[in-house]
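Peer 1: starting from these lines, generate the structure:
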Amino acid sequence: MGDASKGPDTERRPKRSTTLAVIAVFSALITVGTVVAIPLPFPLYEITFSPPIYLALAAMVDSYTAFDATAIGGFLGEAINISFRGGSPIYPFGMVWARAPEVFIVAWARKKGERTLALAMAAATVFETLAFFFPDWAFYLYGLFQYGSPTNITTAFLYAAPDFGTLVDLAFIPVAILIIRRAAPAFRRLGYE
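Peer 2: Purely as a prediction, here's the structure:
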């Protein structure tokens with residue numbers, strides 16, 4: 001008799017070494033995608049090329065693997081950026097706070113069809129935008145973390161409003177979908193469903 005635990009109902013999972021390799025490789029890709037950025041004038045900061053990478057990854061692997069790669073890559077990339085281009089030391093932490101949770105939104109839709117997946121990516125981008133905006137609004141309002149002197153609620157809102165420029169990441173959704181179409185079969189062969 002065969003082992004009942006290996007029947008058709010068992011979920012195939014990647015090896016632990018495969019998961020660690022995916023985290024390492026995609027952390028590096030997200031780091032590079034964050035460093036290779038288009039600088040923007042103040043008060044905006046930059047447009048990075050990492051969104052299609054982590055959005056696609058979230059649809060092809062489990063959410064925890066995508067979260068780890070996105071958090072590590074976003075943090076390292078932004079730490080490199082502020083080392084060479086300047087910026088607040090809280091920016092790398094902001095990348096983890098705003099970008100890494102996006103993968104859970106995308107992962108929810110990974111098996112619900114391409115249209116739902118694209119909508120989830122749009123929702124994730126809106127989440128990221130709001131995750132940048134609301135803390136920045138508070139930081140400007142109370143003068144925290146090198147954001148200047150305390151100010152009134154309207155002025156703080158206006159100072160934080162450029163964060164809505166993050167919505168430009170919506171343009172990367174078709175690129176992420178294309179990556180998924182091309183790379184998903186390879187991830188399935190690695191054991192990711």
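
Peer 1: all helices for the protein, in order.
Peer 2: Ranges of helices in the chain, per DSSP state H, are 16-35, 51-60, 63-85, 91-99, 102-108, 114-142, 153-160, 173-189.

Peer 1: what's the most buried one of these?
Peer 2: Mean neighbour count, computed with mean count of other Cβ atoms under 10 Å, is highest for helix 51-60 among those, reaching a mean of 27. All C-beta spots, glycine's among them, are computed from the backbone N, C-alpha and C.

Peer 1: re the thing from before, can you check which of the helices of the chain gets nearest to L167?
Peer 2: Distance to L167, taken as Cβ to Cβ, is lowest for helix 114-142 among these, at 5.5 Å.

Peer 1: per-residue confidence averaged over that closest one?
Peer 2: For helix 114-142, mean pLDDT is 95.

Peer 1: got the helices of the chain as CSV, with distance to P41 columns?
Peer 2: Shown next, in CSV, are those (distance: least, Cβ to Cβ, whole Å):
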stretch, distance to P41
helix 16-35, 19
helix 51-60, 21
helix 63-85, 13
helix 91-99, 17
helix 102-108, 26
helix 114-142, 17
helix 153-160, 15
helix 173-189, 25
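
Peer 1: closest one to Y45 among those helices?
Peer 2: Comparison of the helices of the chain against Y45 by Cβ to Cβ identifies helix 91-99 as nearest, at 7.6 Å.
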